[in-house]
Each structure stands twice: as structure tokens, then as C-alpha cells.
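A.B. asks: Can you look at this prediction? I've put the sequence above it.
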Amino acid sequence: MSSEKTTGIVIRIVEFSESSCITTLFTEDFGKISGIAKGCRRPKSAFESAIDLLSLCRIVFLHKTSDSLDILTEAKLLRKFRSAQRSLPHLYAGYYIAELLTEFTHESDPYPELFQVTDQALAELDGGGNVAKLVLHFELSLLRLLGQLPELSFCVDTGTPAPKTGRVPLGLLAGGILSPQARAGHRQVIDVSAETLEIFRRFAEPGDRWRETEIPANRFGECRGVINRYITHQAGHRLKMHDMLGMLSE
């Protein structure tokens with residue numbers, strides 16, 4: 001059992017006892033880890049109020065090689081997520097990011113680039129950034145970095161480029177768009193506007209082009225509907241925070 005240090009984001013807290021809790025963190029070096037933080041609820045402890053949902057902290061923990069929980073021994077708060085005091089949409093967006101990480105990442109599997117994307121998204125949300133754009137960028141970046149992003153530019157069967165106008169079939173089971181000729185025989189297909197696909201492409205690619213891309217009011221509902229349905233398909237069930245995402249346009 002070795003002692004490790006890393007930076008992590010608290011994505012889940014479960015009460016274990018009057019003074020302790022089981023904490024799940026998405027860390028920079030070790031991916032998602034779950035550990036027991038003994039005495040973290042005491043006023044004077046080695047955790048200094050760092051164990052709070054969506055907080056960024058520097059932690060020391062004993063990493064176990066078996067299936068048992070790690071043991072958190074120390075945590076120093078680097079940034080607290082304060083949106084709960086200012087904006088419900090920003091708070092719910094933060095909770096949604098935590099739920100996505102809990103659902104789609106695996107224990108002890110490092111995702112350093114996804115950690116950086118997560119840290120940036122939460123920092124910008126906490127600073128009052130555009131909720132709808134930050135959430136869509138995070139969703140598509142997560143899918144891309146985990147290898148689950150649908151093919152958005154070419155038909156997955158024929159390789160035909162996506163049209164620039166009109167409606168385009170998107171196959172949930174097929175894993176991407178389909179040409180009209182390839183659509184027959186595919187199940188779980190939804191029609192998406194070419195404009196929405198272009199928004200998805202811009203928000204999914206690395207870099208900052210998404211920041212210059214606005215989501216038109218007449219496309220916001222379709223964007224949210226399509227991405228919600230695709231994420232539900234990938235997860236195998238509807239995520240809890242999807243019910244709150246209607247507030248993201250505010």
C-alpha cells in the first residue's frame with residue numbers, strides 16, 4: 001500500500017459515519033478513485049474543509065491494489081465551487097459534469113486530458129461562463145476523449161460526406177451519421193439538421209473554435225435533445241441531471 005499525491009476534483013460524497021465519508025475524486029494522475037476520508041467532518045482535521053462536491057484539491061492517499069477503498073489521509077483546498085450561492089443553472093451544470101464523470105470513467109484509469117477539460121469547465125462555470133456552451137463542449141469533449149463520439153462528418157457505412165443542408169440520419173447503434181441509401185436496415189435512427197451537426201463538430205474538436213460558435217435559439221432545443229438521447233444510449237439509462245438541463249438556456 002503506497003502513499004500517493006495528486007490533484008483531484010470531488011465528484012461524489014457518501015456519508016460513512018458521523019465524522020467520516022466515502023469520497024470519489026476524478027484525479028489528474030490516477031483517474032477516478034474512491035477512498036474513505038476518516039474524520040473529514042471534524043472542525044480541525046487534515047482535510048481543511050476540502051472535501052466538498054466539485055472542489056479542486058491536492059490530496060494524499062494510500063492507494064490499495066485490491067478492490068477495497070483507498071484511504072485519504074490529507075487534502076488541501078485549491079478551489080471551491082461557489083456557484084451554489086449565485087446561480088442554479090451553473091450549479092446544476094457542475095453536478096451534471098460530476099455525474100458524467102461518475103458514469104463514463106473507470107476506477108484507476110487515468111484520463112489526463114479529460115481532467116484538464118473538466119478543471120477548465122468547472123473553473124469557467126464558477127466564474128459565470130456561458131452554461132449552454134460550456135456543457136455542450138464538455139459533453140462532446142468527454143465523448144471524443146473516451147472514444148465514444150459519433151461520426152459526424154461521413155456516413156459510417158458508405159463514407160459519403162455529410163450534406164451541408166437539410167436533415168441527416170444519425171444512427172445511435174451505428175455510431176454516426178448515415179446517408180439516405182444506408183439508412184434502411186438500421187434501428188434507433190434519428191433525423192438531425194445539418195446545422196446542428198456542424199455545431200456538434202465545432203464543439204467536439206480540440207482547440208477554441210467552439211468559443212466563437214454561437215448556438216442559435218432555434219437550434220438549442222434540438223442540440224440538447226440529440227445529445228441527451230445519445231448520452232442516454234451510451235450510458236444505458238437516463239442520467240439524473242438530464243431533467244434539470246432545461247435550465248441551461250437561461
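C.D. replies: Received, thanks. Residues are numbered from 1 along each chain as shown.
A.B. asks: which residues of this structure fall in helices?
C.D. replies: Taking DSSP state H as the test, the helices found in the chain are 88-104, 112-126, 131-145, 180-183, 194-204, 217-235.
A.B. asks: and the fifth one, average pLDDT?
C.D. replies: This points to helix 194-204. Per-residue pLDDT values over helix 194-204 give a mean of 98.
A.B. asks: Could you do the second one as well?
C.D. replies: Per-residue pLDDT over helix 112-126 has a mean of 98.
A.B. asks: Same question for the last one.
C.D. replies: Averaged across helix 217-235, the pLDDT comes to 95.
A.B. asks: what angle separates it from helix 88-104?
C.D. replies: Helix 217-235 and helix 88-104 are oriented at 30 degrees to each other (axes from the mean of the first three to the mean of the last three Cα atoms, to 10 degrees).
A.B. asks: just the second one next, same as before
C.D. replies: Computed by the same axes, to 10 degrees, the angle separating helix 112-126 from helix 88-104 equals 160 degrees.
A.B. asks: need the helices of the chain in TSV with distance to residue 4, can you?
C.D. replies: (C-beta placed from N, C-alpha, C; glycine too.) Formatted as TSV, the helices of the chain follow (distance: least, Cβ to Cβ, whole Å):
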stretch	distance to residue 4
helix 88-104	19
helix 112-126	15
helix 131-145	23
helix 180-183	49
helix 194-204	33
helix 217-235	29
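A.B. asks: Out of the ones you listed, flag the one nearest residue 35.
C.D. replies: With Cβ to Cβ as the criterion, residue 35 lies closest to helix 88-104 of these, at 14.7 Å.
A.B. asks: Distance from the chain centre to that closest one, please.
C.D. replies: A distance of 7 Å separates the centroid of the chain from that of helix 88-104, by Cα atoms, centre = their mean, to the nearest Å.
A.B. asks: mind listing what's buried in it?
C.D. replies: 89-101, 104 (16 or more other Cβ atoms under 10 Å).
A.B. asks: Check stretch 101-118 too.
C.D. replies: 101, 104, 105, 111, 114, 115, 117, 118.
A.B. asks: What pLDDT does the model give the residue located most distally from the centre of the chain?
C.D. replies: Computed with Cα atoms, centre = their mean, the residue of the chain farthest from its C-alpha average is residue 181, at 34.2 Å. On pLDDT, residue 181 comes in at 92.
A.B. asks: What is the nearest of the buried residues of helix 88-104 to residue 228?
C.D. replies: residue 96 (10.6 Å).
A.B. asks: which residues touch the spatially closest residue to that closest one that is not a sequence neighbour?
C.D. replies: Excluding the flanking residues, the one nearest residue 96 by Cβ to Cβ, 6 or more residues apart in numbering is residue 241, at 4.0 Å. Applying Cβ atoms under 8 Å, 6 or more residues apart in numbering, we find residue 241 in contact with 92, 95, 96, 99.
A.B. asks: Widest-spaced pair of the residues you listed?
C.D. replies: Most distant of the contacts of residue 241, by Cβ to Cβ, are 92 and 99, 10.1 Å apart.
A.B. asks: you'd agree residue 40 is up against residue 55?
C.D. replies: No. Judged on Cβ atoms under 8 Å, residue 40 makes no contact with residue 55 at a distance of 11.9 Å.
A.B. asks: Can you give the domain ranges for this structure?
C.D. replies: 1-80, 83-250 (automatic domain parsing).
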